[in-house]
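Colleague: Here is the input, now give the coordinates:
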Amino acid sequence: MHGSVLYCIVVLFQKIDGVDVALYCMYVQEYGADCAPPNRNVVYLSYIDSVKYFRPEVMSHNGVSLRTYVYHQILQGYLEYVKRLGFEQMFIWACPPLAGDDYILYCHPSKQKTPRSDRLRAWYHDMLRKARAEDGSVAHVSTLWDTFFEGGREHRLDRCTVTAIPYLEGDYWPGEAENLLAAIADAQRSGNAPGGNTALGRKAGGAKGKRYGSGPQSTDEALLSRLGEILGGNMKEDFMVVHLQEPCSFCRRHVAGGILHKYVPSGPGGASLLAKPAPAERRFEGIRLESPGPNLPSGPLQHLQICSECYNAEGQRVAAGQKSRLPGGLTLGDLVQTPVPPIQLTRDPDPDMGSEFFETRQAFLSLCQGNHYQFDSMRRAKHSSMMVLYHLHNPEAPAFSSTCNFCHVEIEPGTGLRCTVCSDFDMCKNCKAAGMRHEHPMVATTNFANRDEMRSRLTEQERIERNQQLQKTLALLVHACSCHNPQCGSTSCRKVRALFQHAVQCTQKVTGGCHLCKKMWCLLNLHAKSCTTSDCPVPRCRELKELRRRQTAHIEQKRRAAYANMMRNAAAGAK
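Modeller: Numbers count the residues shown, from 1 in each chain. Coordinates of the predicted model:
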């Protein structure tokens, strides 16, 4: 996917007994305006987590706990913030963790309960209702199935495809679609192509996302139908689509600072339409719909508004004698022209702060698990929060402790020795004093402390300049890999190409301790983490991205399986 994607973490700290304690944390993905559709201007709330140490434990003025009120205010403030940045939609998957599992914060208090799916969904809806009523940051709330699948209450009138659904990292449907595509491909190889009279086609055709007409299904149609069957069941309400700006019901574009034409039952012609007799046909707020077809929802529409472009296009269709796309009994005269106020856009004044420990929730959770940064008691939560802040402000400090290969005692960071040849061989200072020997040269690791001391003396402006220099270096890496001019005027380009040549010919490599190879490998990893180009010229970029994708996919597959099993058990218990 092309375009900028920003992975953000929001953490709430509360000062308890004079110590900052992390209480609430959420991870979001922000897909900017330069991303390709359908991910353009989309925010995904990927994970949210908290520990129950908020003080005081009292009720707020609106009848909910003060803890819930504060957490809702954080989400409402974030929605208003991203709306002013120009984002148009937020997608939410209300997926509670299994009992004993951790999303972000490692080890929760034993007294803290895990919310059920319906309770978590209600928690989100309460927040969204307040966001819409109090500050207007939310324009409309729907579900993934209602928006993109045939039969949904707000399904677009032209046929949708899988490529029209935002592809968000860690979301439920992309991983499920990959599994379904594999099943469809197996059926095609075995001669049971999707559609027609095959078992796969019959199973897909029985879904809520019903396909009308005859003829075999294409792979896209079969996939969309199978997804509609899965997402249209008892998990439908868990996948929320939050519109931060007013959407057009026809073209799905969002309108800010323009005109929308809305159907209002009390508007022009509304009373007469509502007074019409009600035969057995489906109705939309009292309006008789057309007979079922491929482009009409199977349930009552609850939200109808079109932009000026679609309104004019519909008028031209009607004037040319073509069939209207509006629900039966509804004309353009029944739509009320409604001005949409413009949004005062702003820009984030703060520079991006990168940290490999906070880049993803799995990296942060691994940091906490590897160092036993637990939050299951107040004492541990205070210490863990302190260490989290330490790693945030000292990114070059050792994040994980090492163990002496002689006495197997944990080595305090900055006090041991490390082999310059072996990839993972350490010695503590006591074994060094006792005369223990290793076949390769050993170097002290105290330089990390010196580096932290030097970094702590840097001003904020110097830190910003260092980050900018890193971005320039990564841009130079891409240039050097795509430059084919042997007489390139950039001396830095020739230096980077010489570094690549060294990495190819070096016999010592990274495992042997070559500092130039380590520098090159570090640059390649940093580049691969932020690269979104499918045909990137940087060597090993595709391999590194594929490795990260497989690791992430394995983790997300476990989450999807646990969620699907939870929903199956809930459905079985309801029978």
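
Colleague: Was I right to think residue 42 contacts residue 88?
Modeller: Yes - here residue 42 reaches residue 88: they are 7.1 Å apart, a contact under Cβ atoms under 8 Å. To be clear about C-beta, it is placed using only N, CA and C from the backbone, and glycine gets the same treatment.

Colleague: for residue 48, what are its contacts?
Modeller: 25-27, 103-104 (Cβ atoms under 8 Å, 6 or more residues apart in numbering).

Colleague: ugh, wrong one, I meant residue 5
Modeller: Residue 5 touches 29-32, 35, 532, counting by Cβ under 8 Å, 6+ apart.

Colleague: hmm, 7 Å instead?
Modeller: Going by Cβ atoms under 7 Å, 6 or more residues apart in numbering, residue 5 touches 29, 31, 35, 532.

Colleague: Which residues does it form beta bridges with?
Modeller: residue 31 (DSSP bridges).

Colleague: centre of the chain versus the helix or strand containing residue 315, how much separation?
Modeller: In this structure, residue 315 sits in helix 308-319 according to DSSP states H and E. In terms of Cα atoms, centre = their mean, to the nearest Å, the centre of helix 308-319 is found 37 Å from the chain centre.

Colleague: likewise stretch 398-411?
Modeller: Centre to centre, stretch against its chain (Cα atoms, centre = their mean), the figure for stretch 398-411 is 36 Å.

Colleague: what comes up buried for it?
Modeller: Going by neighbour count (16 or more other Cβ atoms under 10 Å), the buried part of stretch 398-411 is 398-399, 402, 404-406, 411.

Colleague: go on, stretch 143-159?
Modeller: Neighbour counts using 16+ other Cβ under 10 Å place 143-157 of stretch 143-159 among the buried residues.

Colleague: Likewise for stretch 418-427?
Modeller: Residues of stretch 418-427 classed as buried by neighbour count (16+ other Cβ under 10 Å): 418-419, 422, 425-427.

Colleague: Could you list which of these belong to strands?
Modeller: Among those, the members falling in strands (DSSP state E) are 418-419, 426-427.

Colleague: out of these, who's nearest residue 518?
Modeller: residue 418 (12.8 Å; Cβ to Cβ).

Colleague: Alpha carbons of stretch 527-535, in CSV - could you do that?
Modeller: C-alpha atoms of stretch 527-535 as CSV (Å, rounded to 0.1, in the frame of the first residue of the first chain):
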residue,chain,number,x,y,z
HIS,A,527,14.0,1.2,6.2
ALA,A,528,11.9,-2.0,6.0
LYS,A,529,9.9,-0.9,9.0
SER,A,530,8.6,2.2,7.3
CYS,A,531,8.7,1.2,3.6
THR,A,532,5.3,0.9,1.9
THR,A,533,6.6,0.4,-1.7
SER,A,534,5.9,-2.9,-3.3
ASP,A,535,8.8,-2.7,-5.8
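
Colleague: and residue 39, how many neighbours does it have?
Modeller: Applying other Cβ atoms under 10 Å, we find 20 residues neighbouring residue 39.

Colleague: quick one: low-confidence parts of the stretch 101-250 of the chain?
Modeller: Residue ranges of the stretch 101-250 of the chain with pLDDT under 70: 155-159, 192-216.

Colleague: residues contacting residue 488?
Modeller: So residue 488 contacts residue 494 (Cβ under 7 Å, 6+ apart).

Colleague: Pretty sure residue 263 sits against residue 311.
Modeller: No - taking contacts as Cβ atoms under 7 Å, residue 263 lies outside contact range of residue 311: 11.7 Å.

Colleague: Looking at the two, which is more packed in?
Modeller: Legend: neighbour count by other Cβ under 10 Å for residue 263 and residue 311, higher for residue 263 (23 against 19).

Colleague: Roughly how far does that one sit from residue 326?
Modeller: Distance from residue 263 to residue 326, counting by Cβ to Cβ, to the nearest Å: 9 Å.

Colleague: re the thing from before, just send the ones in strands among the buried residues of stretch 418-427 back as JSON lines, with pLDDT and distance to residue 185 too.
Modeller: Below are these laid out as JSON lines (pLDDT from 0 to 100; distance: Cβ to Cβ, whole Å):
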{"residue": "418", "pLDDT": "80", "distance to residue 185": "48"}
{"residue": "419", "pLDDT": "79", "distance to residue 185": "48"}
{"residue": "426", "pLDDT": "85", "distance to residue 185": "48"}
{"residue": "427", "pLDDT": "89", "distance to residue 185": "53"}
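
Colleague: And the strands in the stretch 301-450 of the chain?
Modeller: Using DSSP state E, counting those that start in this stretch, the strands of the stretch 301-450 of the chain run over 305-307, 335-339, 402-403, 410-411, 417-419, 426-427, 442-444.

Colleague: looking at those, which is closest to residue 246?
Modeller: strand 305-307 (6.8 Å).

Colleague: For that closest one, the averaged confidence score.
Modeller: Strand 305-307 shows a mean pLDDT of 92.

Colleague: Parallel or antiparallel, which strands does that strand pair with?
Modeller: Each strand paired with strand 305-307, and its direction, by DSSP bridges: strand 259-263 (antiparallel).

Colleague: Between helix 308-319 and the strand it pairs with, find me the angle.
Modeller: Using axes from the mean of the first three to the mean of the last three Cα atoms, to 10 degrees, the direction of strand 259-263 lies 60 degrees away from that of helix 308-319.

Colleague: just use 243 as the starting number from now, easier for me
Modeller: Will do, 243 is the new start, and the previous item becomes strand 501-505.
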